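In: Mind looking at a prediction? Sequence and model below.
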Amino acid sequence: MTRCTALIVAAGRGARFGGPLPKQYALLDGEPVLRRTIAAFRGTSSIDRILVVIGPGDDERYEAATLDLGLPPPVAGGSSRQQSVLNGLEAMAGTAPEFVAIHDAARPFVRPAEIDACLAAASADGIDGAILGIPLADTLKRVGVDQVIAETVPRRDLWRAQTPQVFRFAPLLAAHRAAASLGADEATALTDDAAVAERAGLTLVMVAGSEDNRKITTTADLSSSAMETRTALGFDVHGFAPGNAVMLCGIPIPHGQTLAGHSDADVALHALTDAVLGTIGAGDIGKHFPPSDPQWRGASSDRFLRHAVDLVAARGGRILHLDVTIVCEAPKVGPHRDAMVKSIASIAGVAGHRVSVKATTTEGLGFTGRREGIAAQAIATVELPGS
């Protein structure tokens, strides 16, 4: 059974946002906000499945924002957030995950570690759910008529609730079904899923989050100024051996020889893996997948690159661009370039325009010029929370 499914709520219209698109489809550093949010959940092993609830008429926007991510079909939202969440929960009732993590699409800066912490807290005995939040630091004032301050409200034990909010699936579904029958005034008071769960008497705990996990409300929030950009280089070489195809960028290319190596010897993916690992100072591919370990014999190299990308995501980062240059006399890369770009984009969970595949020769010089093997050089550019 699936342990935890992420339900990302992207059905709102964002009246306060003010942009030409709903905020979940607005571009954040050239990428839809929704895609950034999904990337955070793809960056943790705590989440087995991701389901998105979208608004009416957003099908094309959703398809463009999630291109090549391999997500299941979206769920149609309802007339309110509570109804949209209920629609999503009903859609997954057949698979009945043990837990569900509900998250606002407009919170793209959530860190995978925060998702993990919420699931761990919700998994404790006697607990039905866990909510990410921030304790209040500012003094609170209750204001009356004509903006006259009526009183100071004690802030002790008060928190600002964020998402994700992680719950045991079955009791939350029951709570939302019960809430759906409420009158308009009572339903309006249920401003998040924790309120729905509290009404049903579920036991919830708060988990400390971070200020970085802010919600995009206006166009001014489309800023990642707290992030920094890093770039790193990767290089790999493999010699030829008897065979009839080579693996390049995850694509089998017919050829009179194959590449020799402990894994599938995909020289391009190996160079990209080292480049991505380099951006976070995580060593090289051999550190994570040592050739002395028999479990990696003949392994598909897409696993290596995916692992490196997941490590970046686990640190709250994302891939901005991947560039690889393949150096060989043969086989010809040009006829397969588009397939290679699509393959890398799918493995890394990024849009195709963030991937570049190039090829060159050494004009007959050196071991590649003598057709003894293939080399690849790669550069990875990532964005990470600043230290």
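Out: Happy to help now that I have it.
In: Give the lowest-confidence helix or strand of the protein, using mean pLDDT as the measure.
Out: Ranked by mean pLDDT, DSSP states H and E, the weakest helix or strand in the chain is helix 184-188, scoring a mean of 73.
In: helices or strands up against the helix or strand following it?
Out: Toward the C-terminal end, the helix or strand that comes next after helix 184-188 (DSSP states H and E) is helix 193-199. Taking 3 or more C-beta pairs under 8 Å, 6 or more residues apart in numbering; DSSP states H and E as contact, the helices and strands that helix 193-199 lies on are helix 81-91, strand 129-135, strand 159-168, helix 169-179, strand 204-208. (Glycine included, C-beta is placed from N, CA and C.)
In: buried set for helix 193-199?
Out: 193-197 (16 or more other C-beta atoms under 10 Å).
In: try stretch 321-340
Out: Under 16+ other C-beta under 10 Å, the buried positions of stretch 321-340 are 322-328, 331, 333, 336-337, 340.
In: just checking, which of the residues you listed belong to helices?
Out: Counted as lying in helices by DSSP state H, out of the buried residues of stretch 321-340, are 337, 340.
In: Identify, from the buried residues of stretch 321-340, the entry nearest to residue 234.
Out: Distance to residue 234 across the buried residues of stretch 321-340 (C-beta to C-beta) is lowest for residue 324, with 8.3 Å.
In: surely residue 215 meets residue 104?
Out: Yes. Look at residue 215 against residue 104 with C-beta atoms under 8 Å: they come within range, at 6.1 Å.
In: These two - which one has more neighbours?
Out: The neighbour count for residue 215 versus residue 104, taken as other C-beta atoms under 10 Å, is higher for residue 104 (22 against 14).
In: Can you report how many residues neighbour the nearest residue to that one once chain neighbours are set aside?
Out: Counting by C-beta to C-beta, 6 or more residues apart in numbering, residue 163 is the residue found nearest to residue 104 once chain neighbours are left out, at 4.8 Å. Burial of residue 163, expressed as a neighbour count using other C-beta under 10 Å, amounts to 28.
In: what sits against residue 163?
Out: By C-beta atoms under 8 Å, 6 or more residues apart in numbering, residue 163 lies in contact with 102-104, 107, 110, 132, 192.
In: rerun that using 6 Å as the cut-off
Out: In this structure, residue 163 makes contact with 103-104, 107, judged by C-beta atoms under 6 Å, 6 or more residues apart in numbering.
In: any chance of these in TSV, plus pLDDT, secondary structure and distance to residue 174?
Out: Output for the contacts of residue 163, formatted as TSV (pLDDT from 0 to 100; DSSP: H, G, I helix; E, B strand; the rest coil; distance: C-beta to C-beta, whole Å):
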residue	pLDDT	secondary structure	distance to residue 174
103	97	strand	21
104	96	strand	23
107	93	coil	26
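In: Can you tell me which of those is closest to residue 83?
Out: Closest to residue 83, out of all of the contacts of residue 163 and judged by C-beta to C-beta, is residue 104, at 15.5 Å.
In: ok, so what distance separates the closest one from residue 171?
Out: Distance, residue 104 to residue 171, using C-beta to C-beta, to the nearest Å: 21 Å.
In: hang on, the earlier thing: among the buried residues of stretch 321-340, which two are most distant?
Out: The distance between the two most remote of these (C-beta to C-beta) is 21.2 Å, for 322 and 331.
In: Mind pulling up the pLDDT for residue 174?
Out: Looking at residue 174, its pLDDT stands at 96.
In: Surely residue 237 is in contact with residue 374?
Out: No. With contact defined as C-beta atoms under 6 Å, residue 237 does not reach residue 374; the gap is 7.4 Å.
In: quick one: which of these two has more around it?
Out: Comparing residue 237 with residue 374 by other C-beta under 10 Å, the one with more neighbours is residue 374, at 29 against 18.
In: Quick check, that one in contact with residue 330.
Out: No. Using C-beta under 6 Å, residue 374 is not in contact with residue 330; the gap is 9.1 Å.
In: low pLDDT regions in the stretch 251-387 of the chain?
Out: 386-387 (pLDDT under 70).
In: ok, what's across the strand from residue 10?
Out: Here residue 10 sits in beta bridges with residue 54, as judged by DSSP bridges.
In: how deep is it tucked in, by neighbour count?
Out: 30.
In: and it, how far is that from residue 105?
Out: Distance from residue 10 to residue 105, by C-beta to C-beta: 4 Å.
In: residues shared between the contacts of those two?
Out: With C-beta under 6 Å, 6+ apart as the test, residue 10 and residue 105 both reach 24, 34.
In: Contacts only, for residue 164.
Out: Contact analysis of residue 164 by C-beta under 6 Å, 6+ apart lists 101, 103, 115, 118, 132.
In: Sorry, wrong one. I was asking about residue 158.
Out: Contacts of residue 158 by C-beta under 6 Å, 6+ apart are residue 136.
In: Apply 10 Å and report the result again.
Out: By C-beta atoms under 10 Å, 6 or more residues apart in numbering, residue 158 lies in contact with 133, 135-136, 140.
In: Quick check: it vs residue 151, distance?
Out: With C-beta to C-beta as the criterion, residue 158 and residue 151 are 14 Å apart.
In: Over to residue 78?
Out: Residue 78 is 38 Å from residue 151, where distance means C-beta to C-beta.
In: Quick check: nearest residue in space to residue 121, chain neighbours excluded?
Out: residue 130 (3.6 Å).
In: any idea how far residue 158 is from that neighbour?
Out: 18 Å.
In: Wait, a strand at residue 6?
Out: Yes. The assignment for residue 6 (DSSP: H, G, I helix; E, B strand; the rest coil) places it in a strand.
In: tally of neighbours for it?
Out: Other residues near residue 6 come to 26 when the count uses other C-beta under 10 Å.
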